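Colleague: Let me see the structure of the following:
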Amino acid sequence: VGGHTWGGSFLMLQPWPEIDESLAVPGVAERMDLQQRLISAVRAIRNDLGLSPGLTCRVATSWQPPEGAGFRFFADRANAEVVSDLAGAQNQPGVSAVVGEHEVRVCLEGEQIKLLAAWRERLVKQMEAKEKAAAGKRAKLDNPGYVAKAPPDKVAETRALLAADEAEIAQLKEAMRRLG
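Modeller: Predicted coordinates:
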């Protein structure tokens, strides 16, 4: 069995490397985490709208990369043309997301605007269905006979399902708010 060696023995048999704290750059991990969360937000919007991952779209953001870094990493990972003028982008059709204290907005053009209308329609249908389901569970829980006669675990299950429905309704309302 062959393999690559390091200093005469296999690499997997070498001791784990020690961290050299003198090479650490303060705050870089936090900045990279924020950038990755912003990219994830753009990707989530693209996915929700059904935009092809290969399609470059315009993205405006309030986030600014560290001096000298530019938007190259962000633009590459989000497959986006990045425009930093978020205020100007607010008047264009698109979808926004807030990550921490920063906002990203995927701006839509031409045929992409039809996708926005279709997404809005799907959200409305989902919200109507969830509100109807939640109303049924509320009616059950408001019925003193159900609460008194049903097994306690069934009542608890109904309450948990209602809470899940209400959480999903809140998420759908937030998605509608982002659409403007």
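
Colleague: gap between the most centrally placed residue in the chain and Val98?
Modeller: Central residue of the chain (CA atoms, centre = their mean): Ala41, 4.1 Å from the mean position. Ala41 sits at a distance of 8 Å from Val98 (criterion: CB to CB, to the nearest Å). C-beta coordinates here come from the backbone N, C-alpha and C atoms, glycine included.

Colleague: count of residues packed around Leu38?
Modeller: Leu38 has 23 neighbouring residues, counting by other CB atoms under 10 Å.

Colleague: Need the contact partners of the strand or helix carrying it.
Modeller: If you go by DSSP states H and E, Leu38 is part of helix 28-49. For helix 28-49, contacts defined as CB atoms under 8 Å, 6 or more residues apart in numbering pick out 53, 57, 59, 61, 63, 65-66, 73-74, 77-80, 95, 97, 99-100, 102, 104, 106, 108, 112, 115-116, 119, 175.

Colleague: circling back: show the pLDDT at the residue nearest to the centre of the chain.
Modeller: Among the per-residue scores, Ala41 shows a pLDDT of 93.

Colleague: That one: what's its closest spatial neighbour, skipping adjacent residues?
Modeller: Ala97 (4.0 Å; CB to CB, 6 or more residues apart in numbering).

Colleague: same question, Glu168
Modeller: That would be Lys130: by CB to CB, 6+ apart, it lies 5.4 Å from Glu168.

Colleague: roughly how far apart are the one you found and Arg178?
Modeller: According to CB to CB, Lys130 and Arg178 sit 17 Å apart.

Colleague: Return the distance of the residue nearest to the centre of the chain relative to Glu109.
Modeller: Counting by CB to CB, the gap from Ala41 to Glu109 is 20 Å.

Colleague: re earlier: ok, the residue nearest to Ala41 - contacts?
Modeller: Ala41, Val42, Ala44, Ile45, Glu103, Val104, Arg105, Arg178.

Colleague: Just the pLDDT at the last one, thanks.
Modeller: Spelled out, that is Arg178. 72.

Colleague: Next, it: secondary structure please.
Modeller: Following DSSP: H, G, I helix; E, B strand; the rest coil, Arg178 is assigned to helix.

Colleague: That one and Val95 touch, don't they?
Modeller: Yes - in this structure Arg178 lies within contact range of Val95 using CB atoms under 8 Å: 5.5 Å.

Colleague: tally of neighbours for Arg58?
Modeller: That count, for Arg58 with other CB under 10 Å as the rule, works out to 17.
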